[in-house]
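J.: Predicted model and sequence below, questions to follow.
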Amino acid sequence: MILTELRLHNFRNYQDLTVHFAPGINVLIGRNAQGKTNMLEAIYALSLTRSHRTSNDRELINWQQQSASISGVVQKATGKVPLELQFTKNGKKAKVNHLEQARLGQYIGQLNTILFAPEDLSLVKGAPAVRRRFMDMEFSQMSSKYLYDASQFRTLLRQRNKYLKQLKYGQQHDRVLLTVLSDQLAAYGAEVIVARHHFLQHLEKWAADLHYQISLNQEHLHLAYVTQVKVGDETTVDQAYHELLKLYQDNQDREIDQGTTMYGPQRDDIRFMVNDKNIQAFGSQGQQRTTALSVKLAEIDLMKEQTGEYPLLLLDDVLSELDPVRQTHLLTAIQDKVQTFLTTTSLSDVARQLIKKPTIFEIKHGTLNKEEA
Ligand SMILES: Nc1ncnc2c1ncn2[C@@H]1O[C@H](COP(=O)(O)OP(=O)(O)OP(=O)(O)O)[C@@H](O)[C@H]1O
């Protein structure tokens, strides 16, 4: 898919902007604090209805204004789809084909994006919550069922945790409601776990190939899904449900004592193994970087496999973080395949040689100027 046109109104430091993008590599060049990341953030938000760097939508509205909007036209194999997001201080609205969507979940999946920023290194090094968020953000774009199941799970988890605390502090005594909540939580938890296993298996297939190439045929990458339920290729959702439910039944007193849910996908993690070593604990910076890059690039192919369309790739100032070998792999992997938006303060020599026909935009104080070829 291709984002052919983007319009911003009072979005961060952009007042009124209409821009037409090229299908290939769009390079956004500008000095610091001119609006490069804001531009990628706008495209990301148009895709997922939320920013990648703040959970507070109000921050997206220009400081002098009360509302903001992002709209765009996405060209897909099936035709053009106009998308629009409006932010006010009281909430947001999302429209597809000019029709307002009752639920944001119905909107997500229209425009798929993969964002790669320097902080994505924390995918390997950071806390498990980073990797769970990664799974949720990426798999939700590929499957509306996953998006729904994960969101139901989160809602039920909040309710169950609250109830466990009330039982702990003697504000509630009835364990029947806990049984009902456990049953529902196990049902959605099982869906999430089986889907994560399935998606990670596919992701590994692509990521291992890429990692092998980038490491100059030295390293084998394996993604191990760490979850409390035994799950393999043959595991059904029903089996995972019974196993999770049993964990809740067997540990009811412990969970009340802790006042929180101790079992389920909210405790999942991914372990990145390179040549059978856990790269998080034993990997060099370079190996961790290669792993993060391979996984991100693998998502491009996974999304194409799952949705039939390539996503957009947003690269926020990452070239400067990569050595020439990794830059070359990145740029050759995406060339002629994926519409890319790449921000930088200046293009490296490697990048200049490798990007065949870049479309260059200069960003200055919230305005964009296309450089003539
Ligand atoms: N809500 C807002 N309203 C108006 N301006 C904003 C708002 N939020 C951020 N800005 C401005 O946007 C600019 C930052 O833009 P952005 O983060 O896109 O920078 P950048 O070009 O990516 O810079 P760097 O290369 O340093 O990352 C700053 O000047 C900041 O003051």
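T.: Done, it's in.

J.: wait, doesn't Gly264 sit right on Leu245?
T.: No. With contacts counted by CB atoms under 8 Å, Gly264 stays clear of Leu245, the gap being 10.5 Å. Every residue, glycine included, has its C-beta placed from N, CA and C.

J.: Now do the strands in the stretch 1-150 of the chain.
T.: Taking DSSP state E, counting those that start in this stretch, the strands of the stretch 1-150 of the chain run over residues 2-11, 14-20, 25-29, 67-76, 79-88, 91-96, 99-100, 113-116.

J.: How about the residue most central in space within the chain: what's its closest non-neighbour residue?
T.: By CA atoms, centre = their mean, the chain has its centre lying nearest to Met137, at 3.5 Å. Using CB to CB, 6 or more residues apart in numbering and skipping the chain neighbours, the partner closest in space to Met137 is Leu48 (7.0 Å).

J.: Report the separation between the one you found and Phe11.
T.: 15 Å (CB to CB, to the nearest Å).

J.: Which of the two has more residues huddled nearby?
T.: Ranked by neighbour count (other CB atoms under 10 Å), Leu48 and Phe11 place Phe11 first, with 28 against 21.

J.: quick one on the thing from earlier: please tabulate the strands of the stretch 1-150 of the chain in a markdown table and include distance to Leu123 and mean pLDDT as additional columns.
T.: Shown next, in a markdown table, are those (distance: least, CB to CB, whole Å; pLDDT from 0 to 100):
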| stretch | distance to Leu123 | mean pLDDT |
| --- | --- | --- |
| strand 2-11 | 24 | 98 |
| strand 14-20 | 29 | 97 |
| strand 25-29 | 23 | 95 |
| strand 67-76 | 26 | 98 |
| strand 79-88 | 26 | 97 |
| strand 91-96 | 27 | 97 |
| strand 99-100 | 34 | 97 |
| strand 113-116 | 10 | 94 |
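
J.: possible to save those strands as JSON lines with distance to Asp253?
T.: Formatted as JSON lines, the strands of the stretch 1-150 of the chain follow (distance: least, CB to CB, whole Å):
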{"stretch": "strand 2-11", "distance to Asp253": "51"}
{"stretch": "strand 14-20", "distance to Asp253": "55"}
{"stretch": "strand 25-29", "distance to Asp253": "56"}
{"stretch": "strand 67-76", "distance to Asp253": "50"}
{"stretch": "strand 79-88", "distance to Asp253": "46"}
{"stretch": "strand 91-96", "distance to Asp253": "41"}
{"stretch": "strand 99-100", "distance to Asp253": "47"}
{"stretch": "strand 113-116", "distance to Asp253": "43"}
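
J.: Which among these is found nearest to Glu371?
T.: For the strands of the stretch 1-150 of the chain, proximity to Glu371 was assessed by CB to CB; strand 25-29 is nearest, at 8.3 Å.

J.: Get me the contact residues on the stretch 1-150 of the chain for the ligand.
T.: Selection of the stretch 1-150 of the chain residues close to the ligand by CB under 6 Å from any ligand atom yields 12-13, 30, 32-38, 59, 62-63.

J.: can you rerun that using 8 Å?
T.: Within reach of the ligand by CB under 8 Å from any ligand atom, the stretch 1-150 of the chain has these residues: 12-13, 30-41, 59-64.

J.: Just the buried ones from these, in ChimeraX syntax?
T.: Filtering those down to the buried ones (16 or more other CB atoms under 10 Å) takes a single ChimeraX command:
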select :12,13,30,34,35,36,37,38,39,40,41,60,61,62
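
J.: Return the subset of the residues of the stretch 1-150 of the chain next to the ligand lying in helices.
T.: Lys36, Thr37, Asn38, Met39, Leu40, Glu41 (DSSP state H).

J.: Please tell me how far the fifth one sits from Leu315.
T.: Yep, that's Leu40 we're talking about. Relative to Leu315, Leu40 is positioned 8 Å away (criterion: CB to CB).

J.: residues shared between the contacts of these two?
T.: Shared contacts of Leu40 and Leu315 (CB atoms under 8 Å, 6 or more residues apart in numbering): Phe341, Thr343.

J.: Test my guess that Leu342 contacts Gly30.
T.: No. At 12.0 Å, Leu342 does not count as touching Gly30 under the criterion of CB under 8 Å.

J.: what about Gly30, distance to Tyr263?
T.: Gly30 is 48 Å from Tyr263, by CB to CB.

J.: give me every residue that touches the residue nearest to His20 when sequence neighbours are not counted.
T.: The spatially closest residue to His20, leaving aside those adjacent along the chain, is Glu5, at 5.4 Å (CB to CB, 6+ apart). Glu5 is in contact with Thr18, Val19, His20, Phe21, Gly72, Val73, counting by CB under 8 Å, 6+ apart.

J.: again, only this time at 6 Å
T.: If you count contacts by CB atoms under 6 Å, 6 or more residues apart in numbering, Glu5 has them with His20, Gly72, Val73.

J.: What's the local residue count around Thr359?
T.: Neighbourhood size, Thr359 [other CB under 10 Å]: 17.

J.: Glu219 versus the residue nearest to it when sequence neighbours are not counted, what's the distance?
T.: Counting by CB to CB, 6+ apart, Ala22 is the residue found nearest to Thr359 once chain neighbours are left out, at 3.8 Å. Using CB to CB, one gets 35 Å for the distance from Ala22 to Glu219.

J.: cool, and Lys36?
T.: Between Lys36 and Glu219 the computed distance is 32 Å (CB to CB).

J.: Which positions within the worst-scoring helix or strand of the chain on mean pLDDT qualify as buried?
T.: Ranked by mean pLDDT, DSSP states H and E, the helix or strand of the chain with the weakest confidence is helix 349-354, at a mean of 80. Judged by neighbour count (16+ other CB under 10 Å), helix 349-354 contains these buried residues: Val350, Ala351, Leu354.

J.: got a list of what the first one touches?
T.: Under the criterion of CB under 6 Å, 6+ apart, the neighbours of Val350 are Pro324, Gln327.

J.: what do you get if the cut-off is 7 Å, keeping everything else the same?
T.: When contacts are counted by CB atoms under 7 Å, 6 or more residues apart in numbering, Val350 is found next to Pro324, Gln327, Thr328.
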